[in-house]
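1. Give me a model of this one.
(one chain, ligands or ions: 1)
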Amino acid sequence: MEQLLTQREVPAAQEQARRARFPLGAALEYADLAEAGREGALDRVREHEPITWAPFIGGWLVTGRDAAREVLGRNSGLTVEAEQNLVRAAAGRMMLTVDGDEQARMRKPFEWPFKGSVVEDYYAQPIAELAEELIDAFIALGTVELDDAFAAPFAIQMAGYSLGLSLDDVPAMTSIYSAIAGGMDYVGDPEPIRAAERACEQLNEILLGELAKNRLNPGHSLTAVLAKDPQGLSDDEIVAQLRVVMFGAIETIQASVLTTLTLLLQHPEQLAEVRADTALLGEAQEEARRLIPPVSFIERWTLADKVIAGVEIPAREFVGVSVLAANRDPATFPQPTDFDIHRGNANKGLSFSFGPHACLGIHMARLQTTIGLERLLTRLPGIKLVSADAPSGFAFRRPTRVTVAWDS
Ligand code: HEM
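-> Residues are numbered from 1 along each chain as shown. This next block holds a predicted model:
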């Protein structure tokens with residue numbers, strides 16, 4: 001039976017002392033990390049308390065980039081294997097919620113299909129075809145809400161394609177994904193976690209069915225390859241990894257496409273440069289993900305007593321990393337709130353995490369975002385922003401509605 005770490009209860013007197021020692025962290029609220037336009041609160045915390053006590057998450061909050069790398073890096077002395085891990089509660093036991101040899105065993109079979117060269121060869125064409133097909137469906141309208149019409153189906157259908165799944169029911173998949181993502185928010189309410197568990201069960205059923213189908217009709221997809229040669233993983237374990245590969249690939253790609261396009265449309269001079277040289281799309285998306293990280297919050301727990309950024313943290317305590325705050329650390333990113341595609345070091349942001357759990361799909365993410373944006377900019381002449389809500393979200397962050405128009 002697997003032993004999970006149980007988060008330590010902090011005695012009241014110690015908790016009070018921490019509030020007094022870290023007044024800026026003590027004053028932080030959920031809304032400071034979740035709502036649009038409140039990022040300034042994190043800037044103030046980072047300046048004085050790069051790791052701080054944040055009572056609203058019942059743990060430590062890391063806002064400095066160096067401290068964040070220390071927490072996420074290999075052999076950091078922190079773990080994901082805790083009973084209180086919200087990603088595990090929402091999405092189950094899989095490579096992202098186990099450590100060490102067990103994580104390596106679960107991740108390994110999925111590594112080569114997501115290598116840069118393999119991804120380019122296998123997916124560049126289907127990604128471009130899917131983008132064309134989606135744009136064809138709305139191009140005559142002259143205006144569209146881009147999440148519903150493009151970003152969501154682009155992310156969901158491509159995740160389905162790479163895994164060999166027939167995920168055509170985009171609204172159903174969207175609702176499953178929203179429920180799972182909702183379980184990762186620190187709202188202090190058990191209902192979102194129960195909804196995430198129900199969504200996970202629904203998804204498991206779909207994925208087990210797809211695995212069986214792939215066993216009968218083997219093809220070249222990742223699911224078909226694993227169905228044929230499970231490399232020591234049981235069906236339930238394969239499905240658990242498919243769940244995280246899919247989960248990792250949907251909400252985040254949606255965010256990456258919408259955020260990068262919105263920021264470019266809000267900065268016409270930089271958009272003109274990108275139009276003139278589409279190779280700049282690489283820098284543009286990296287910078288957009290630095291400023292508005294699609295995954296904005298990462299969870300870890302201390303295995304033993306540990307000093308982080310000069311602060312002694314006892315064993316079995318929760319340490320949350322605010323990627324949003326770390327990516328705006330002025331020590332690494334001068335004028336951190338500016339969107340600047342020529343910054344030159346945007347890839348030093350932690351948007352794909354760092355260390356053993358660093359994103360498996362980084363090459364896929366870059367390729368898909370590049371092709372999606374390149375197709376939108378090419379096919380929609382004179383594209384401009386009609387309206388976009390400001391990016392928000394605690395665990396996952398993006399603008400939810402982006403309406404654009406073009407010369408039809
Ligand atoms: C812009 C898009 C993406 C972003 C910003 C992103 C971000 C992340 C982050 C921050 C983590 C680590 C979380 C942690 O350390 O606790 C992660 C892990 C992961 N990502 Fe991504 N991701 C993206 C796209 C993708 C895609 C396209 C795939 C698959 C095709 C994918 C698959 C995964 C998997 C499987 C993991 C778990 C790795 C492990 O624990 O070993 N991601 N991603």
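2. Using CSV, write down the CA coordinates of stretch 127-140.
-> Taking Å, rounded to 0.1, in the frame of the first residue of the first chain, the C-alpha atoms of stretch 127-140 are listed here in CSV:
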residue,chain,number,x,y,z
ILE,A,127,-2.0,20.3,-36.8
ALA,A,128,-2.0,22.6,-39.9
GLU,A,129,-4.9,20.6,-41.5
LEU,A,130,-7.0,20.9,-38.3
ALA,A,131,-6.3,24.7,-38.1
GLU,A,132,-7.3,25.1,-41.7
GLU,A,133,-10.5,23.1,-41.2
LEU,A,134,-11.5,25.1,-38.1
ILE,A,135,-10.8,28.5,-39.9
ASP,A,136,-12.8,27.4,-43.0
ALA,A,137,-15.8,26.9,-40.8
PHE,A,138,-16.0,30.5,-39.6
ILE,A,139,-14.0,32.6,-42.1
ALA,A,140,-17.1,33.9,-44.0
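3. which SSE is residue 131 in?
-> Per DSSP states H and E, residue 131 falls inside helix 116-138.
4. Buried residues of the helix or strand following that helix, list them for me.
-> Downstream of helix 116-138, the next assigned helix or strand under DSSP H and E is strand 143-145. For strand 143-145, the neighbour count (16 or more other Cβ atoms under 10 Å) marks 144, 145 as buried. Glycine gets a C-beta too; all of them are placed from N, C-alpha and C.
5. I'd like the distance from strand 143-145 to the chain centre, please.
-> 25 Å (Cα atoms, centre = their mean, to the nearest Å).
6. List the strands paired with it, with their directions.
-> Sheet pairing of strand 143-145 (DSSP bridges) gives strand 402-405 (antiparallel).
7. and the strand it pairs with, what's its mean pLDDT?
-> For strand 402-405, mean pLDDT is 98.
8. now the strands: where do they sit in the stretch 51-200 of the chain?
-> For the stretch 51-200 of the chain, strands defined by DSSP state E, counting those that start in this stretch occupy the ranges 51-54, 59-62, 78-79, 143-145.
9. ok now the third one, how far from the chain's centre?
-> Think strand 78-79. 19 Å.
10. What mean pLDDT does it get?
-> Strand 78-79 carries an average pLDDT of 98.
11. Tell me the neighbouring strands of that strand, and mark each as parallel or antiparallel.
-> Counting by DSSP bridges, strand 78-79 is paired with strand 297-302 (antiparallel).
12. name the helices or strands packed onto the following helix or strand past the strand it pairs with?
-> Later in the chain than strand 297-302, the nearest helix or strand by DSSP H and E is strand 306-308. Helices and strands touching strand 306-308, by 3 or more Cβ pairs under 8 Å, 6 or more residues apart in numbering; DSSP states H and E, are helix 65-72, strand 311-313.
13. Quick one: residues contacting the closest residue to the ligand within the stretch 101-250 of the chain.
-> Using Cβ to the nearest ligand atom, the closest approach of the stretch 101-250 of the chain to the ligand is made by residue 248 at 2.8 Å. Under the criterion of Cβ atoms under 8 Å, 6 or more residues apart in numbering, the contact list for residue 248 reads 96, 359, 360, 361.
14. Pull out whichever of those residues are also neighbours of the ligand.
-> Filtering the contacts of residue 248 for proximity to the ligand by Cβ under 6 Å from any ligand atom leaves 96, 359, 360, 361.
15. out of these, who's nearest the ligand?
-> Nearest to the ligand among these: residue 361, at 2.0 Å, using Cβ to the nearest ligand atom.
16. Now for residue 141, how many residues are close by?
-> 11 (other Cβ atoms under 10 Å).
17. do you know how far it is from residue 236?
-> Look at residue 141 and residue 236: by Cβ to Cβ, to the nearest Å, they are 44 Å apart.
18. Could you do residue 344 as well?
-> Distance from residue 344 to residue 236, by Cβ to Cβ: 45 Å.
19. between these two, who's got more neighbours?
-> residue 236 (13 against 10).
20. would you say that one is within a helix?
-> Yes: assessed by DSSP: H, G, I helix; E, B strand; the rest coil, residue 236 belongs to a helix.
21. And the strands of the stretch 51-200 of the chain: which comes nearest residue 286?
-> Closest to residue 286 of the strands of the stretch 51-200 of the chain, according to Cβ to Cβ: strand 59-62, at 21.6 Å.
22. Dump the closest one to CSV, restricted to CA.
-> Output in CSV follows, covering the C-alpha atoms of strand 59-62 (Å, rounded to 0.1, in the frame of the first residue of the first chain):
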residue,chain,number,x,y,z
GLY,A,59,1.1,26.8,3.5
TRP,A,60,4.1,28.6,2.1
LEU,A,61,4.0,30.6,-1.1
VAL,A,62,7.0,31.0,-3.3
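23. who wins for proximity to the ligand among the helices and strands packed on strand 306-308?
-> The ligand lies closest to helix 65-72 among these, at 6.0 Å (Cβ to the nearest ligand atom).
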